[in-house]
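In: next come a sequence and a model predicted from it.
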Amino acid sequence: MLLAALEAEVEDYIDKYKHERGEDGRRKVVRNGKARARSLTTAVGTIEVAAPRVNDKRVVDGQRQKFTSHILPPYMRKSPKVAEVLPLLYLRGLSTNDFRPALESLLGDKASGLSATAITRLTAKWEAEHKAWKQRDLSERDYVYVWADGIHLNIRLEEDRLCLLVIIGVRPDGTKELLAVDDGYRESKDSWASVLRSLRARGMRAPVVAVGDGALGFWAAVRDVWPETKEQRCWFHKLGNVLDKLPKRLQPKAKKMLREIMYADTKEDASAGFEAFEAEFSPKHQRAVDCLVKDRGKLLTLFELPAEHWKHMRTTNVIESAFATVRLRQRVTKGAGSRTKGIAMAFKLLDMAERRWRKLDGRMLLPLVRAGVKFVDGIQQQREEEAA
């Protein structure tokens, strides 16, 4: 198939210039045998390829023309698909020492360019990509909602754990996009504020709603950098925090009541659920009640948004699910060797995963949310003149 494609490419090139002739009446563009055979590593194994050559005698603007294959460029030794396998295997957790035996079983014993040193060059490249990505301009883009979370990862050669501050946003067309991956050391206000100020300085407009867990550092930073942004607390984290303050025998009942609040159809029903939970557990387990009710308003912000968006706004699962592959690599390889490489690997994994993220449900309503259209219990409210 590859040879057939190369032959077709050459025939097309020669046919394109068949009317070009020299003073002697002979064609200027003709075939010129085949190049010396070279080994090419493909996804189905290593093969020998002798590519057809072309003799192009045309001179344009003083420059001798030359045929170059787009299918098999000069000096290419492995197909682009094989090149993509290297970072993918490394990021998924395969040790660099396992590369050659693993890939030779698939690609043959002549697999070239698949050494562990290639990963050293790749990680350096990822670090440079991440640095440039952190400086990109955001003034031409808008993000209606953002999700934020602090993800803790192990660093093999350091005692301190790496705390990645991650922000994912959704654009008015429903596309989810990675906005920030930075080293916070701890989830403090200063760390989060530094990330948010960087986004603002590069032109990012304040989102309508931010979703996150109860980390005080993030919310203090949001109120400082984006004071107009509404807060929606993550129900998944809140549910775990409340249950942790109850004895195991009461947790099933409490969980059922909490889920009824979380999935209520109206704000009134959710408020009634809060009162029922307080009445049930306040006599003996006031700590659990206090943990729930202190964020009551922030947990119910979603009722001011379209009902189609509620399932996306209840949790920070957007980030947690994306980090599943990052955590897998950490478990298999016992963590990255340095903080810089840990951040670079996490960034590259998320960058690859971003292509597979689904768009937000009800995305046609996002421009309305940005425009400030009012929603009550998930239903869009008509203006007075329209209702009249």
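Out: Now that the structure is in, tell me what you want to look at.

In: contacting residues for the residue nearest to Ala307 when sequence neighbours are not counted?
Out: Using Cβ to Cβ, 6 or more residues apart in numbering and skipping the chain neighbours, the partner closest in space to Ala307 is Gly378 (2.8 Å). From N, CA and C alone the C-beta is placed, and that goes for glycine too. Listed by Cβ atoms under 8 Å, 6 or more residues apart in numbering, the contact set of Gly378 reads 303, 305-308, 310.

In: most widely separated two among the residues you listed?
Out: Spatially, the most separated pair among these is Phe303 and Glu308, at 13.1 Å (Cβ to Cβ).

In: so between the two, which is more surrounded?
Out: Relative neighbour count places Phe303 above the other of Phe303 and Glu308, with 22 against 15, counting by other Cβ atoms under 10 Å.

In: isn't the more buried one up against Asp269?
Out: No. The criterion here is Cβ atoms under 8 Å, and Phe303 misses it with Asp269 at 9.8 Å.

In: surely Leu350 touches Glu177?
Out: No. Taking contacts as Cβ under 8 Å, Leu350 lies outside contact range of Glu177: 10.5 Å.

In: with neighbour numbers in mind, choose between those two.
Out: Each of Leu350 and Glu177 has its neighbours counted (other Cβ under 10 Å); Leu350 has more, 20 against 15.

In: for the more buried one, what are its contacts?
Out: Neighbouring residues of Leu350 by Cβ under 8 Å, 6+ apart: 166, 178, 181, 322-323, 326.

In: stretch 262-282: how far from the chain's middle?
Out: A distance of 35 Å separates the C-alpha centroid of stretch 262-282 from that of its chain, computed with Cα atoms, centre = their mean, to the nearest Å.

In: now do the SS call for Ala210.
Out: Under DSSP: H, G, I helix; E, B strand; the rest coil, Ala210 falls in the strand class.

In: make 45 the starting number, not 1.
Out: In the new numbering, first residue 45, that becomes Ala254.

In: most neighbours among the contacts of Leu394, please name it.
Out: Val210 (26 neighbours).

In: how far is whichever strand or helix holds it from where the chain is centred?
Out: Element membership for Val210, per DSSP states H and E: strand 206-214. Centroid separation for strand 206-214 versus its chain: 10 Å, with Cα atoms, centre = their mean.

In: adjacent strands (with direction) for it?
Out: In the sheet, strand 206-214 lines up against strand 189-197 (antiparallel), strand 220-227 (antiparallel) (DSSP bridges).

In: nearest to Arg249 among those would be which one?
Out: With Cβ to Cβ as the yardstick, what comes closest out of those is strand 189-197 (11.0 Å).

In: contacting residues around the closest one?
Out: By Cβ under 8 Å, 6+ apart, the list of residues contacting strand 189-197 reads 205-214, 223, 228, 231, 236, 251-257, 259, 262, 353, 356-357, 360, 362-364, 367, 370-371, 374, 379-380, 386, 390, 404.

In: please repeat the previous calculation with a cut-off of 7 Å.
Out: Strand 189-197 is contacted by residues 205-214, 223, 228, 231, 251-257, 259, 262, 360, 362-363, 367, 374, 379, 386 when judged by Cβ atoms under 7 Å, 6 or more residues apart in numbering.

In: any buried residues in that strand, and which?
Out: Of all the residues in strand 189-197, those buried under the rule 16 or more other Cβ atoms under 10 Å are 189-195, 197.

In: repeat that for stretch 291-298.
Out: For stretch 291-298, the neighbour count (16+ other Cβ under 10 Å) marks 295, 298 as buried.

In: now do the SS call for Ile115.
Out: State at Ile115, reduced to three classes by three-state DSSP: coil.

In: do the same with the one 3 residues further on
Out: Recorded secondary structure, Pro118: coil (three-state DSSP).

In: for the residue nearest to it when sequence neighbours are not counted, phi and psi?
Out: Closest residue to Pro118 apart from its sequence neighbours, by Cβ to Cβ, 6+ apart: Thr112 at 6.9 Å. Main-chain torsions, Thr112, degrees, to the nearest 10: phi -130, psi 120.

In: so how far is Leu260 from Thr112?
Out: Plainly put, Thr112 is 59 Å away from Leu260 if you go by Cβ to Cβ, to the nearest Å.

In: again, but for Ser183
Out: Noted for Ser183: a distance of 30 Å to Leu260, by Cβ to Cβ.
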